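1. Whatever this is, show me its structure:
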Amino acid sequence: MDKSSNEQSELSKLAPASVASINKSENEVTVLGSDGNGSPAKVIVSLPIGLENDPLLKLYVGYLKSPLFLALASSTRYTKAIAIRNFTDYVASSQQYIEQGLPYDVVNQYFNKIKLNSARTSFYNDELTLKVPIGLALSRESKLDSSYYDSKLNDYLIHFPNFPPPKSNPKNSMASIFGETNCPYTDTELLQSMRLYCCTLILKFFEIRDYFLAIDSIKDELERLKNEKYQSKPLLCHHQAKSYTLDSAPTSQISEERWLKLKTINHDIFNAVLDSNDPFIISWYSFNSFPSPKANTSEENLTNTEWVKQFYFNNQIKQSLKIKKNKYRLRRLDNISPNFLLIPTDFEIFLIQCLLASESIQRTGLLKHKIANFSEIIDSVQAGYSKGRRGKTSATAIYTRQSLPYKCYTKFINIREKEGSFNIEGTELTLNFSNKGTSKGHIGFTNKSLHFFKLLISDSGVSEYLNSELGEEGAPFRWLIKKIWNYNQLAYKETLQNNIKKKRTDAKPGYAKRNNRVVGLTPDAISMSRKRIDDPVVIKPDDSDESNASDDSNESDDSNETDINKKSTTDFNDVCVDSELTAHSPNTKQNKYKNRSNSKESIESEKDFGAQVGDKMVNEASKLNDALKDVELVTLEKVRDILGIKDNKSKVEALLQQVDADLWGGFNHDGKVIIITSEVTAMLLIGYIEHIKSELPKLLLDSSLRGQEAQKKIAYLAAILDKFPAHLQRKGEQQLQEYDIPYPSLI
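-> Next comes the predicted model:
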């Protein structure tokens, strides 16, 4: 077997077994990946006809087939393949390139063109995607197939653009989605209010399930469906519905017998809704399914329960209702359906996502999170999660059975584990949205599952229940939801208008540019709010405008700020727990994660991180050097002169009054540290250094500051020990093995 075949076999081991390029053509490659929603997606990259032998284009196709590329994450493969495909499509669109070949500055020309029609502020990542394969091909140590090397690649590389990295800006937290100056609440208030809202809603939904499942007729109907491949079909009631109406269903998709079962259970649910007399249940059931009464009519004065009853007569759901000249039609009855009784809705899964994001689990960790990552141990629950950059597993806080998150998580786990008994096609993922777009949190935009948030901010049985349960504690989150809803409604209405224009002009379906952007309650915003709470760096506003305030008011403000800080510290800032939950040491958690992208000041400071570390090391070394200048190593005979001991009969009491001795044998005298160079002192020094080292992990957990002081102490004592003659150090080590010296604990 030749060398090249050996290289190929070694390279093939790098790629995951489940990932491989589909086609074997030298001029085309199909890349399998996942799009921004986490859904499977593929990208086809083809070489333009006439440029099949161009070394740059051949390299890109070869790179997309290489084990190095296939070993990347699916989302990364998708993003990089899109960038390369866009470049090859640009080349294929130019007849000049096909006839005359690619100029060496073709990449520069490509970016100059797309800049003209793009609102993007940075093309750094796209440039890097196109540049990396060239660097791999030219590198002798690269594991990319050497057959892609060509001297012309150097010329292409020379003419590459050199875009600066994109400017790092802090991600928005919940308080800064619309600008912190426009938000009357802090991140602490918003996060705590959101968690209360999510827990209250989740528990209410499970209470509703228990109510329906306690009804024998509904329970029996569900049991009859248990052995079938269950898929709930909503009762479509709109006059334009061509399938699954109240009275019929296409036999090609569902049998008449099975459809009758679904109809029966939906009718039983309707009866149970009316019997409940619960404003929350009726509001939830009728939302976006029942038409609203027209203004200035008698039916406008009906309560929500009375209005719903109008559509039920003689144990049948009426598809339409006519009152005088006004005609009303139902749409679809799928808010409280058999599906709702068996599995969580997308809205509930979104609430779980919000809870997990409030534990500082980032978006990539949420996408990979599985039901199996929850641990239920002795009346407590904890969620583990992984991070893409490392294999180590982190964990959230442990919630006991008295806490709201415990009840939410355990009920959610239980219902998800029962999916298999009803032959429901489930998934191991915790956030198994039926519509992947729900995870973006675009409340008030096109996602129908998130339209339920309207019930939280409008006059409904749902909002009445939540207001009575949460009171003022729910005000911050209610304010944020209303703000996001109203903002996104502008984009929603513009989208509807664009769709109407397309239908009227027979335009091709697809994306239409909007003037109004969309904001969302994203996992990033929620986790950033948690980081802002945990962040020890507090940037206070300028107090110059408040210089005329009275001393009493200033004292009051300070006390309020202290109370808030104390509250957040109690809830979130336990250093040991916080670092342990994310599988980091306290130092790593503090230095690398808590200060990450939380403020522009932090970002600017981190740009000079290397210089700062160097300056700090020099500063600490200088302090240690100054301390050692005050250390004097002397013999036993010289000690007599230093302490003024004239004869051996001097009183011990008088001697002790002049000596401030340390545990390791040194003592202070006239501003200097005196150390007697003897084997006993060497033994004490070595033993004390070992003692501090053994206590260091506990000190670091107790306080990073105390841990740092202990590390400095070790360096200081080690420098003193190095000045001892080698024979005394050896004798000190030997004596330490013979004697057990009990040093006091440093904790």
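
2. Surely Leu302 touches Ser292?
-> No: contact criterion Cβ atoms under 8 Å: Leu302 and Ser292 do not qualify, at 11.1 Å. For the C-beta atoms, the positions are set from N, CA and C on the backbone; glycine is no exception.

3. Of those two, which one has the most company?
-> Leu302 (14 against 10; other Cβ atoms under 10 Å).

4. quick one, what contacts the nearest residue to the more buried one once chain neighbours are set aside?
-> What sits nearest to Leu302 in space, not counting adjacent residues and going by Cβ to Cβ, 6 or more residues apart in numbering, is Pro293, at 6.7 Å. Going by Cβ atoms under 8 Å, 6 or more residues apart in numbering, Pro293 touches Glu299, Glu300, Leu302, Trp307, Tyr328.

5. how about the host helix or strand of Leu222: buried residues?
-> Element membership of Leu222 [criterion: DSSP states H and E] is helix 216-224. By neighbour count on 16 or more other Cβ atoms under 10 Å, the buried set for helix 216-224 is Ile218, Glu221, Leu222.

6. same check, this time on stretch 189-205
-> Neighbour-count burial for stretch 189-205, with 16+ other Cβ under 10 Å as criterion, is recorded at 189-202, 204-205.

7. Looking at those residues, which are in helices?
-> The helices, defined by DSSP state H, take in 189-202, 204-205 from those.

8. for the stretch 201-350 of the chain, what spans make up the strands?
-> With strands called from DSSP state E, counting those that start in this stretch, the stretch 201-350 of the chain shows them at 235-236, 312-313, 316-317, 320-323, 326-329, 332-333.

9. would you list those strands in CSV and tack on mean pLDDT and distance to His691?
-> Shown next, in CSV, are the strands of the stretch 201-350 of the chain (pLDDT from 0 to 100; distance: least, Cβ to Cβ, whole Å):
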stretch, mean pLDDT, distance to His691
strand 235-236, 70, 76
strand 312-313, 76, 80
strand 316-317, 78, 80
strand 320-323, 81, 85
strand 326-329, 84, 83
strand 332-333, 81, 73
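
10. do you know which of these lies nearest Gly520?
-> Smallest distance to Gly520 across the strands of the stretch 201-350 of the chain (Cβ to Cβ): 25.7 Å, for strand 332-333.

11. Run me through the strand neighbours of that closest one, direction for each.
-> Strand 332-333 sits in its sheet next to strand 235-236 (antiparallel), going by DSSP bridges.

12. quick check: domain ranges of this protein?
-> 3-158, 174-203+340-523, 233-336, 535-539+553-606, 609-738 (automatic domain parsing).

13. and the ones you listed, which one is worst for confidence?
-> When those are compared by mean pLDDT, domain 535-539+553-606 comes last with a mean of 49.

14. ok, so what distance separates the residue lying closest to Val31 once chain neighbours are set aside from Ala41?
-> Closest residue in space to Val31, ignoring its immediate chain neighbours: Ala81 at 3.9 Å, by Cβ to Cβ, 6+ apart. Going from Ala81 to Ala41 by Cβ to Cβ, to the nearest Å gives 9 Å.

15. Check Gln382 too.
-> Distance from Gln382 to Ala41, by Cβ to Cβ: 34 Å.

16. Run a quick check on Ile134 versus Leu157, I expect a contact.
-> Yes: between Ile134 and Leu157 there is a contact at 5.1 Å, judged by Cβ under 8 Å.

17. Which one's more surrounded, those two?
-> Ile134 (22 against 16).

18. Run through who's touching the helix or strand that contains the more buried one.
-> For Ile134, the host element (DSSP H and E) is helix 124-138. Contact with helix 124-138 is made by 56, 59-60, 62-63, 68, 79-80, 83-84, 86-87, 107, 111, 142, 144, 148-150, 153-154, 156-157, 160-166, as judged by Cβ under 8 Å, 6+ apart.

19. Check stretch 731-740 too.
-> With contact meaning Cβ under 8 Å, 6+ apart, stretch 731-740 is reached by Glu679, Val680, Thr681, Ala682, Met683, Leu684, Leu685, Ile686, Gly687, Phe724.

20. Is it correct that the third one is in contact with Ile675?
-> Put plainly, it is Thr681. Yes: under the criterion of Cβ under 8 Å, Thr681 is in contact with Ile675, at a separation of 6.2 Å.

21. thinking again about what came up before, just the closest of the buried residues of stretch 189-205 to Glu472, please.
-> When the buried residues of stretch 189-205 are compared against Glu472 (criterion: Cβ to Cβ), the nearest one is Ser193, at 9.3 Å.

22. Now do the strands in the stretch 1-150 of the chain.
-> Remark: strands assigned in the stretch 1-150 of the chain by DSSP E, counting those that start in this stretch are 28-34, 40-46.

23. Thank you kindly, that will do.
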